[in-house]
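1. my questions are about this predicted structure, shown below with the sequence.
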Amino acid sequence: MRTILFCQNNYAFGILEPIKEVLIEKDYPYTWFITDKLVDGFPFTSDDYTTEISDLKNFKSDAIFVPGNEVPYYLRGLKVQVFHGLAGEKKGHFRIRHYFDLYLTQGPYFTRGFDKFKAKYKNFEVIETGWPKLDIYGKDKLLYQAEKKKLLNEHKANTIVLYAPTFSPSLTSAPHLIEEIKRLSSNSDYLILIKFHPLMDNKWIEAYKELANSYSNIKFQDEKNIIKFLLMADLMISDTSSVIYEFLLLDKPVITFKNISKKIHWEDSDDYGALINLVERNLNEDPFAEQRKTIFNEFHPYNDGKSALRMVEAVEDYIEKNGVPEKRKLSFLRRRKIHSIFGK
């Protein structure tokens, strides 16, 4: 099964790497597609990769795994949506753009949502597999434990607090929490790690880097792999970011500010000034521990570390039953949009 791993943003690397490992185990040929802006930070340079759509045409793939919103309809291969997050409340998560033949969902909440559209449009399939980015939770949850211990010892701290806001200007807490993060750092028991989305406004990136340079127990993290920091942290602070669900699935407390979800199973507040009290309350009492079970059951009830394997096997089964599509039928406007992004 010849496979394309299709990346438009660097967060796709961590989602697709577990799929890559399955492809290697099965001895399937694969290539990465990355955009020009991703070349300098591409972590798999020993793999076959390209920035040219023409190379993908010549590759003649059987399957294309996509954790983004678009993929060229004219490429040969089953076009598979594997998603780039767990925030179903965000605008566009359940939007059907008609570019995909197969949606591989993370859990029952997402499966129900896309099954409704499947019944409506009748031109794609939905299969629940779990999400490959979280396979590490089932395989090696303690991978960074030694590094965490070393960090805490170096900073003479007891607890790692992770601040990971969204980049969206209308939803991000970054402008509102910078002074509160500074106040929180006055407690030397806390080591505060700042991890921003790749698309965060550079203004706030620089402001928080300056903050980290001024306080010894605040560290700004440039490393791309947020999973590392999710595994190391004891508590997360955020807003409306899909990463909060990834953290909740580790059964650890989350504090958000002005989250837009209609079903909140963690501490959410409209009062940025309450940060210090909320951190203390959630670390000491963990009042939402029972509610977190809903996130596990609905969003990602898989802890066996085999979601990537299920995805590859789902694609194998689909192709065996239906064959490999040469291209996907789209409306004129959809085709024109793809041409504007990727060319013809």
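-> Arrived safely, thanks for sending.
2. report the buried residues of the helix or strand of the chain with the lowest mean pLDDT.
-> Taking mean pLDDT, DSSP states H and E as the measure, the chain has helix 292-299 as its least confident helix or strand, at a mean of 92. Using 16 or more other C-beta atoms under 10 Å as the test for burial, helix 292-299 gives Arg292, Ile295, Phe296, Glu298, Phe299. C-beta: built from backbone N, CA, C; applies to glycine.
3. who touches stretch 270-281?
-> The contact list for stretch 270-281 (C-beta atoms under 8 Å, 6 or more residues apart in numbering) reads 161, 173, 176-177, 180-181, 183-184, 187, 190, 235, 237, 255, 257-258, 267, 269, 287.
4. again, 10 Å this time
-> Contact partners of stretch 270-281, identified using C-beta atoms under 10 Å, 6 or more residues apart in numbering, comprise 159, 161, 163, 173, 175-181, 183-184, 186-187, 190, 192, 235, 237, 253, 255-259, 267-269, 287.
5. list the buried residues of it.
-> For stretch 270-281, the neighbour count (16+ other C-beta under 10 Å) marks Leu275, Leu278, Val279 as buried.
6. tabulate the residues you listed in TSV, adding columns for pLDDT and distance to Ile218.
-> Shown next, in TSV, are the buried residues of stretch 270-281 (pLDDT from 0 to 100; distance: C-beta to C-beta, whole Å):
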residue	pLDDT	distance to Ile218
Leu275	98	14
Leu278	98	18
Val279	98	14
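7. list just the nearest of those to Ile136.
-> Val279 (26.1 Å; C-beta to C-beta).
8. verify the assumption that that closest one is located in a strand.
-> No. With DSSP: H, G, I helix; E, B strand; the rest coil as the criterion, Val279 is located in helix rather than a strand.
9. please tell me how far it sits from Ser269.
-> 11 Å (C-beta to C-beta, to the nearest Å).
10. which SSE is immediately downstream of the least confident helix or strand of the chain?
-> Once the chain leaves helix 292-299, the next helix or strand it forms, by DSSP states H and E, is helix 307-322.
11. would you mark the buried spots in the helix or strand just after that following helix?
-> Once the chain leaves helix 307-322, the next helix or strand it forms, by DSSP H and E, is helix 332-342. Buried residues in helix 332-342, counting neighbours by 16+ other C-beta under 10 Å, are found at Arg334, Arg335, Lys337, Ile338, Phe342.
12. and for stretch 74-89?
-> 74-88.
13. show me what contacts Asp286?
-> Leu235, Asp251, Lys252, Pro253, Glu267, Arg292 are the contacts of Asp286 under C-beta under 10 Å, 6+ apart.
14. inside helices: which ones of those?
-> Cross-referencing those against helices under DSSP state H gives Arg292.
15. can I get the contacts of Asp286 in JSON lines including distance to Leu104?
-> Compiled in JSON lines, the contacts of Asp286 are given as follows (distance: C-beta to C-beta, whole Å):
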{"residue": "Leu235", "distance to Leu104": "31"}
{"residue": "Asp251", "distance to Leu104": "24"}
{"residue": "Lys252", "distance to Leu104": "26"}
{"residue": "Pro253", "distance to Leu104": "29"}
{"residue": "Glu267", "distance to Leu104": "31"}
{"residue": "Arg292", "distance to Leu104": "24"}
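16. nice, that's everything, thank you.
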